[in-house]
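Engineer: Provided below for reference: sequence and predicted model.
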Amino acid sequence: WLAFFNNFAFWTLLGPTVAEAGFAALLGPVLRRFLQEKAPWRPFAVGAVWAVDEFLRTNGFLGFPWGLAPYPFHGWLWFIQIIDLTGLSFIAFLVTAWNAWIADWFEAGWARTKRVLAPGITLLGMTAVVAVYGFWRLAEPRPSDRHVARLALVQQDSNPWDSEGPWPSAADKDSLKQSVDLSLKALQKGRIDMVVWSETSIRGPLQFSRPFYNYYPEGASLFHVIRDHSAYWLFGNPYAQSPEGSDEGWVNATVLMNPETHIVDYYGKIQQVPFAEHIPLWNFPPVRAFFKTVVGLEGSWSLGRKITVFHIPLHQSRERLDFSTPICFEDAFPWLTREMVARGANVLINLTDDSWSQRPSSEAQHEVAARFRTIEDRVYLVRSTNSGVTEVVDPWGETVAGPLPYYTQGSLLGIPYAKNLVQPGVLVANLPVFKHHPPTFYVRFGDWLDMVFILLLVLRLSLDLVFQRRNELLPLDLNS
């Protein structure tokens, strides 16, 4: 589905391919070294190497957190609760170590000695501990619904990339009308604390386009609808971080607006798609000329400059909702959501546009990657998308509201397939609001387990070099 990334498909395919090849080139020799080891601890070394590789290739500017070893186990909730202590790396370690041990078992044949049996028993013990911890966490009482935030999640039937040409195009106006109509449908169902639209749901900057939104859509303009109700509104919208500066710092953002149509605050996307959303050194003329003439990019988003924790009051209580808004695939990056929660967010609200992918597999893979954040950080995850998956996931990784349908199923020669990807709808969800709880071990200490793995692997490889050097020098010492 990366091939459908509009005019940037070549780069979105080439970038991850080159990056993955680079990490594989680093992984190969190290993995080979430990696979050659004939020792009881070999499965654990292989698991640690794999976990470190996944950690390295999912962080930084080129980070790509897809296809990780823990993802197939997203439905085994008892198995993944441990990540609020360890992060994803322990699951990657354990799964890979089991695979390495099974390979050892078959390799040993009937001569299964203590070298093979001992690590298997150890892995069984580790898995038992994981299971006990997991079932204990799943048995915890759920948050009280005494105080709830009532959210309206709008899933419009439109692809922002179809809105070509100068803003506002006919497609822009149609999309805006549909989003307003869906919002009104939710507002008619009773009290709503906040209406949430998806990433880049409107192209026209709310900062500078107030006259337009005062009159469009005709008959029920966006700003009139906002003023007629007491809800806050959260939009995916371009935002100028330095409107008075020479570089305005346009960023892919979420914008919070109060019932008086005043912008309360914004968050600019920090972890952007490399060489598609953000291009390093864009202001350097040769770089800009290359991407304009060769790639066809007309501009580059600036990077977001701050992590924002938004606050809105609730209608029927004295509580407030404290939340942060990872944008698009930012909810797949543990380091970023962990920082948001560490700064006070009790809820993560993800605004996403995956419609460009044209494949339900893209939406499903994105949702699976995001689901792990709820357990790591022990917070609710709200996903508001224009093409799926729109839902609410609780701090134990269970879906408690939604998902909205995001494709219709067709059939070709008896084989089912996704016929229409985007489906309009609105999900009204009651989100329990609870006071700040102690941060999880993972929120407090981050990727500590990866640091331990890296330290142990570097120590072992350093000892290899020392022994190798010693063996090379030993014959010279004997001759002397």
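Structural biologist: Great, that's in hand.
Engineer: ok, which stretches of this structure are strands?
Structural biologist: All strands of the chain, identified by DSSP state E, fall at 148-155, 194-196, 232-240, 250-257, 263-268, 310-313, 320-324, 347-352, 380-385, 391-393, 399-401, 408-412, 415-420, 425-432.
Engineer: Columns mean pLDDT on top of those, output as JSON lines?
Structural biologist: As requested, the strands of the chain are exported to JSON lines (pLDDT from 0 to 100):
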{"stretch": "strand 148-155", "mean pLDDT": "94"}
{"stretch": "strand 194-196", "mean pLDDT": "97"}
{"stretch": "strand 232-240", "mean pLDDT": "95"}
{"stretch": "strand 250-257", "mean pLDDT": "95"}
{"stretch": "strand 263-268", "mean pLDDT": "96"}
{"stretch": "strand 310-313", "mean pLDDT": "96"}
{"stretch": "strand 320-324", "mean pLDDT": "95"}
{"stretch": "strand 347-352", "mean pLDDT": "96"}
{"stretch": "strand 380-385", "mean pLDDT": "95"}
{"stretch": "strand 391-393", "mean pLDDT": "96"}
{"stretch": "strand 399-401", "mean pLDDT": "94"}
{"stretch": "strand 408-412", "mean pLDDT": "64"}
{"stretch": "strand 415-420", "mean pLDDT": "60"}
{"stretch": "strand 425-432", "mean pLDDT": "93"}
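Engineer: got those as TSV, with mean neighbour count columns?
Structural biologist: C-beta here means a position set from N, CA and C on the backbone, and glycine is covered the same way. TSV is the format used below for the strands of the chain (neighbours: other CB atoms under 10 Å):
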stretch	mean neighbour count
strand 148-155	25
strand 194-196	28
strand 232-240	24
strand 250-257	24
strand 263-268	20
strand 310-313	17
strand 320-324	22
strand 347-352	27
strand 380-385	28
strand 391-393	25
strand 399-401	17
strand 408-412	10
strand 415-420	10
strand 425-432	20
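Engineer: of those strands, which approaches V95 most closely?
Structural biologist: Closest approach to V95 among the strands of the chain (CB to CB): strand 391-393, 21.9 Å.
Engineer: Could you give the separation of that closest one from the chain centroid?
Structural biologist: 14 Å (CA atoms, centre = their mean, to the nearest Å).
Engineer: which outside residues touch that strand?
Structural biologist: 367, 370-371, 374, 380-383, 399-404, 427, 429, 431 (CB atoms under 8 Å, 6 or more residues apart in numbering).
Engineer: quick one: terminal-to-terminal distance for stretch 346-357?
Structural biologist: 30 Å (CA to CA, to the nearest Å).
Engineer: pLDDT wise, what is G87 at?
Structural biologist: As predicted, G87 sits at a pLDDT of 96.
Engineer: and it, what is it in contact with?
Structural biologist: P334, E376, Y442, G446, D447, W448, L449, D450.
Engineer: among these, which are in helices?
Structural biologist: P334, E376, Y442, W448, L449, D450 (DSSP state H).
Engineer: Make JSON lines from those and add pLDDT, distance to I202 and neighbour count to it.
Structural biologist: As requested, the ones in helices among the contacts of G87 are exported to JSON lines (pLDDT from 0 to 100; distance: CB to CB, whole Å; neighbours: other CB atoms under 10 Å):
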{"residue": "P334", "pLDDT": "96", "distance to I202": "30", "neighbour count": "25"}
{"residue": "E376", "pLDDT": "97", "distance to I202": "32", "neighbour count": "24"}
{"residue": "Y442", "pLDDT": "97", "distance to I202": "35", "neighbour count": "24"}
{"residue": "W448", "pLDDT": "97", "distance to I202": "41", "neighbour count": "15"}
{"residue": "L449", "pLDDT": "97", "distance to I202": "42", "neighbour count": "23"}
{"residue": "D450", "pLDDT": "96", "distance to I202": "39", "neighbour count": "23"}
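Engineer: which residues in the protein form helices?
Structural biologist: 9-35, 42-57, 77-80, 83-86, 88-108, 114-138, 170-187, 210-215, 222-227, 285-290, 334-342, 360-377, 441-445, 448-479.
Engineer: Take those helices and lay them out in JSON lines including distance to S198.
Structural biologist: Converted to JSON lines, these look like this (distance: least, CB to CB, whole Å):
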{"stretch": "helix 9-35", "distance to S198": "20"}
{"stretch": "helix 42-57", "distance to S198": "28"}
{"stretch": "helix 77-80", "distance to S198": "27"}
{"stretch": "helix 83-86", "distance to S198": "27"}
{"stretch": "helix 88-108", "distance to S198": "26"}
{"stretch": "helix 114-138", "distance to S198": "31"}
{"stretch": "helix 170-187", "distance to S198": "9"}
{"stretch": "helix 210-215", "distance to S198": "17"}
{"stretch": "helix 222-227", "distance to S198": "15"}
{"stretch": "helix 285-290", "distance to S198": "30"}
{"stretch": "helix 334-342", "distance to S198": "18"}
{"stretch": "helix 360-377", "distance to S198": "12"}
{"stretch": "helix 441-445", "distance to S198": "27"}
{"stretch": "helix 448-479", "distance to S198": "33"}
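Engineer: quick one: which of these is nearest L321?
Structural biologist: Among the helices of the chain, helix 334-342 comes nearest to L321, with 13.9 Å by CB to CB.
Engineer: thinking again about what came up before, quick one: which of the strands of the chain is nearest N283?
Structural biologist: Taking the strands of the chain one by one with CB to CB, strand 250-257 is closest: 12.8 Å.
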